[in-house]
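Peer 1: Sequence first, then the predicted structure, then my questions.
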Amino acid sequence: MSKSCIILGSNSDIGQAIAHKFALNGYAIILASRNIDEYQKRLQQDISIRYNVPVSLVEFDGTNFSEHEQFWHSLPVMPNVVVSVFGYLGDQEKAVADFNEAYKIISSNYIGHVSLINKYVQQVKGIQTSAIIGISSVAGERGRQSNYIYGSSKAAFTCYLSGLRNDLTKHNIHVMTVIPGFVKTKMLGDMKTPDFLTASPEDVANRIYNAFVNKKDVIYIYPIWRYIMLVIKLIPEFIFKKMSL
Amino acid sequence: MYKKLIQNWGNYPKISAEVFEPSSSYIINDFIRKTPKLIPRGNGRCYGDSSLQHAIISTLKLNKFLFFDKENGIITVESGVLLSDILEVVVPYGFFLPVTPGTKWITIGGAVASNIHGKNHHKEGAISNFITSFELMTEDCNIVHCSRSENTELFTNTIGGMGLTGMITTVTIQLKKIETSYIKQKTIKAKNLNEVLNYFEEFNHYTYSVAWIDCLKKGNSMGRSILILGEHAKKNDLPDKYTNHLKTHSHKQINIPFYFPNFTLNYFTISVFNELYYNKQTSKENNNIVHYDGFFYPLDSLNNWNRIYGKNGFTQYQFVIPFNNGREGLTKIMKEITNSGCGSFLAVLKTFGKKDDFSSSLSFPDEGYTLALDFKISPKVFDLLNRLDEIVLAYNGKLYLTKDARMSAEMFKKTYPNFSHDSKKFISIQMERLLNV
């Protein structure tokens, strides 16, 4: 059977870099984004010309949960690799004051992924070998005052992926959790970050692909983040709560 | 959008600029509308200040392939696509760039704006001959489709037009058919300038020709050189061990991790290098098969090679002078350089054929000899270049704007007399200098 990979969130810089990497390795690509606009059409042309693989475009809304079952049925093929990379950073201050913003963050970064991935698993469990790659964040490792709504939704996603892996290993479904630190993307915007801690989307994609091939469970990008987060997690709460992070 | 210190390949000059790097040409209207003065910029491989302004619109994220006709070798790409990416896509299908400069790390948009030439100009002309059409966002924020039959004036003024007519968003070019990705190379040693110019004439039927010149030698050996000739190899030219006839370039590079100290390149080190390079080839003539990467892009394997010149940077001086009295002109220029003691590390001589039919009055290639020289920035160098300007002017020549960072307004006016600048919005700091505005 030919290989195929769906990018849930093909408007994100990381999603696009991952699409390039899988296409380079012969995967047919399905680009899923909220709107099929001129940019997505050009992206489709670009990837199919560069790597000579079929590329299709589909629309999806990560937070429209009732449509998620239909979404998988509507695809041209059932992909073997699902990369779930869509998300919404949101505004922490606004989210604290306005639950609509908090709900949007939580549903985009957590509930939507659970809904889509659960429905996917129902379709493929016991039928085909698959891989699910979830892009979480270092923000989900410990709650900080500056972004704990976003962070807690990522923490929940990380926890979900860990449980899912435990559940699906016996069914030959590889679940991989990706925990990036700083990545030079639209989401990071103009924020100044140290170079040695900041990965490019292409770098993230290369590391994800290699980890996927090697059947890794949890990867940090860069690996140094595993130790940074370890130190951050080791700070006792009575000190941590007084820090301004 | 971000503000940063920007410099092009020569690391001279450096200016602080606001950079807008859109990923889609559909979101650039606003930036263009509200910015009084700006210039488009690709990968920054021009040497001087031709793509610098305090507001820059970068094409690097406009990097999508839009169309590839694998039968006829026609390709449409967004303007920020690099030539290296085009090669990777088209070479396996038996196509090659119709014209390529000495690096593959430039964008196609920059190639059009500079009307780039290669080692084949005397036979095949500049890139303008192979541009089928392009789309241009003009200062009133319209995207205009330009070709030889539509908006012909804008088409002509944009090719070699140094980004002054607007921002190129997509480009369609006709590729060249090849059987293999290898080049049949012939290298010939020449004892002096006269001899190499004779060889240029004798071998002008070769598609590709270029000469490396030792700029330090004086007297009878002045202008000793190695002439490098090439033709695309056919399948049966290749040894049997070459299994992949259409191999693309490798990604391996040696990185120059930091700026070398200023004294690294001096008269002594350059002369040692030149001695070794010239004498590496022991026979008068050498014939071999080389990959396109080594033939066209020898310096691309050294990442950040410009750092060898040190933090103060360097400038490239490239001129063309007509064949008529050209030998005399070249001899005078070589004498001036050897007497100055300012060694040029890289000196490359080529010949140009007839001027292209469709190109701006700023376009550089014109029938004659063209010599490109690299000089480390120093006060002495600027004096030398001013003296060279006089000789270039006396022999009816002109300088390449894509390399320039220091030409005077007066020199520009005399050598590009037909140019008039219409856009108030699209202007580089180079053009402000050259137009005295």
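Peer 2: Okay, I see it.
Peer 1: Count residues in the vicinity of A:Met243, would you?
Peer 2: Per other CB atoms under 10 Å in any protein chain shown, the neighbour tally for A:Met243 reads 10. In this view, the C-beta of every residue, glycine as well, is placed from N, C-alpha and C.
Peer 1: wait, what's in contact with it?
Peer 2: Residues in contact with A:Met243 (CB atoms under 8 Å, 6 or more residues apart in numbering or on different chains) are A:Ile235.
Peer 1: Would you check how far apart it and A:Gly151 are?
Peer 2: From A:Met243 across to A:Gly151, the span is 15 Å (CB to CB, to the nearest Å).
Peer 1: Pairing partners for the top strand by length along chain A, with directions?
Peer 2: In chain A, taking DSSP state E as the definition, the longest strand is strand A:173-180. Here strand A:173-180 has these sheet partners by DSSP bridges: strand A:130-135 (parallel), strand A:218-221 (parallel).
Peer 1: Following element in sequence after it, please.
Peer 2: Scanning forward in sequence from strand A:173-180 by DSSP states H and E, the next helix or strand is strand A:182-183.
Peer 1: Parallel or antiparallel, list what pairs with that next one.
Peer 2: Short version: by DSSP bridges, strand A:182-183 pairs with strand A:198-199 (parallel).
Peer 1: Just say helix, strand or coil for the residue of the stretch 101-250 of chain B found nearest chain A.
Peer 2: Nearest residue of the stretch 101-250 of chain B to chain A (CB to the nearest CB) works out as B:Thr170 at 9.5 Å. B:Thr170 falls in the strand class when you classify it by DSSP: H, G, I helix; E, B strand; the rest coil.
Peer 1: what's it in contact with, if anything?
Peer 2: B:Ser25, B:Leu66, B:Thr76, B:Val77, B:Glu78, B:Ser79, B:Phe134, B:Glu135 are the contacts of B:Thr170 under CB under 8 Å, 6+ apart.
Peer 1: could you redo the last one with a cut-off of 6 Å?
Peer 2: B:Glu78, B:Glu135 (CB atoms under 6 Å, 6 or more residues apart in numbering or on different chains).
Peer 1: What separation is there between it and B:Arg45?
Peer 2: 20 Å.
Peer 1: cool, and B:Asn63?
Peer 2: For B:Asn63, the distance to B:Arg45 equals 15 Å [CB to CB].
Peer 1: Please, which helix or strand holds the nearest residue to B:Val348 once chain neighbours are set aside?
Peer 2: The shortest distance from B:Val348 to any non-neighbouring residue, by CB to CB, 6 or more residues apart in numbering or on different chains, is to B:Ala372 (4.7 Å). Remark: B:Ala372 resides in strand B:368-376, with elements defined by DSSP H and E.
Peer 1: what do you get for B:Ile183?
Peer 2: B:Ile183 belongs to strand B:182-190, assigned by DSSP H and E.
Peer 1: repeat for B:Met431
Peer 2: Judged by DSSP H and E, B:Met431 forms part of helix B:429-435.
Peer 1: for B:His251, same thing?
Peer 2: Under the criterion DSSP H and E, no helix or strand holds B:His251.
Peer 1: Next, count neighbours for it.
Peer 2: Under the neighbour criterion other CB under 10 Å, B:His251 is assigned a count of 7.
Peer 1: ok, now how distant is it from chain A?
Peer 2: Going from B:His251 to chain A by CB to the nearest CB, to the nearest Å gives 12 Å.
Peer 1: and chain B, what are its domains?
Peer 2: The record's domain split for chain B, according to automatic domain parsing, is B:2-59+B:422-435, B:65-177, B:182-415.
Peer 1: Most tightly packed of those?
Peer 2: Per-stretch averages of neighbours, counted by mean count of other CB atoms under 10 Å in any protein chain shown, single out domain B:65-177 among the domains of chain B, with a mean of 21.
Peer 1: First-to-last residue distance for that domain?
Peer 2: In domain B:65-177, first residue to last residue: 19 Å (CA to CA, to the nearest Å).
Peer 1: gap between that domain and the chain center?
Peer 2: Relative to its chain's centre, domain B:65-177 lies at 14 Å (CA atoms, centre = their mean, to the nearest Å).
Peer 1: what about the strands in the stretch 101-250 of chain B?
Peer 2: B:131-137, B:143-147, B:167-174, B:176-177, B:182-190, B:208-213, B:225-232 (DSSP state E, counting those that start in this stretch).
Peer 1: between the longest one and strand B:225-232, how big is the angle?
Peer 2: Read that as strand B:182-190. 160 degrees (axes from the mean of the first three to the mean of the last three CA atoms, to 10 degrees).
Peer 1: Name every strand pairing with strand B:182-190 and say which way it goes.
Peer 2: Assessed with DSSP bridges, strand B:182-190 is paired to strand B:225-232 (antiparallel), strand B:285-291 (antiparallel).
Peer 1: With mean pLDDT added, can I get those strands in TSV?
Peer 2: Shown next, in TSV, are these (pLDDT from 0 to 100):
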stretch	mean pLDDT
strand B:225-232	97
strand B:285-291	95
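Peer 1: now A:Asn35, what's its secondary structure?
Peer 2: At A:Asn35 the chain is in coil, as set by three-state DSSP.
Peer 1: Check what pLDDT it gets.
Peer 2: A:Asn35 carries a pLDDT value of 93.
Peer 1: can you tell me how far it sits from B:Leu434?
Peer 2: 45 Å.
Peer 1: tell me which parts of chain B are close to chain A?
Peer 2: B:Tyr2, B:Ser24, B:Tyr26, B:Lys64, B:Phe65, B:Leu66, B:Phe68, B:Val89 (CB under 6 Å from any CB of the partner chain).
Peer 1: ok now do the last one, which residues does it touch?
Peer 2: For B:Val89, the contacting residues are A:Arg50, by CB under 6 Å, 6+ apart.
Peer 1: mind checking the SS state of it?
Peer 2: Using three-state DSSP, the structure places B:Val89 in helix.
Peer 1: Return the distance of it relative to B:Ile75.
Peer 2: From B:Val89 over to B:Ile75 (counting by CB to CB), the distance is 8 Å.
Peer 1: do the first one as well
Peer 2: Taken as CB to CB, the spacing of B:Tyr2 relative to B:Ile75 amounts to 31 Å.
Peer 1: what's the answer for the fifth one, then?
Peer 2: Here the criterion is CB to CB. By it, B:Phe65 lies 7 Å from B:Ile75.
Peer 1: so what's A:Glu59 closest to, chain neighbours aside?
Peer 2: Distance criterion CB to CB, 6+ apart; nearest residue to A:Glu59, sequence neighbours excluded, is A:Ile36 at 5.6 Å.
Peer 1: Wait, the one you found touches A:Phe60, no?
Peer 2: No - judged on CB atoms under 6 Å, A:Ile36 makes no contact with A:Phe60 at a distance of 10.4 Å.
Peer 1: What helix or strand is A:Asp203 located in?
Peer 2: Using DSSP H and E, A:Asp203 sits in helix A:201-213.
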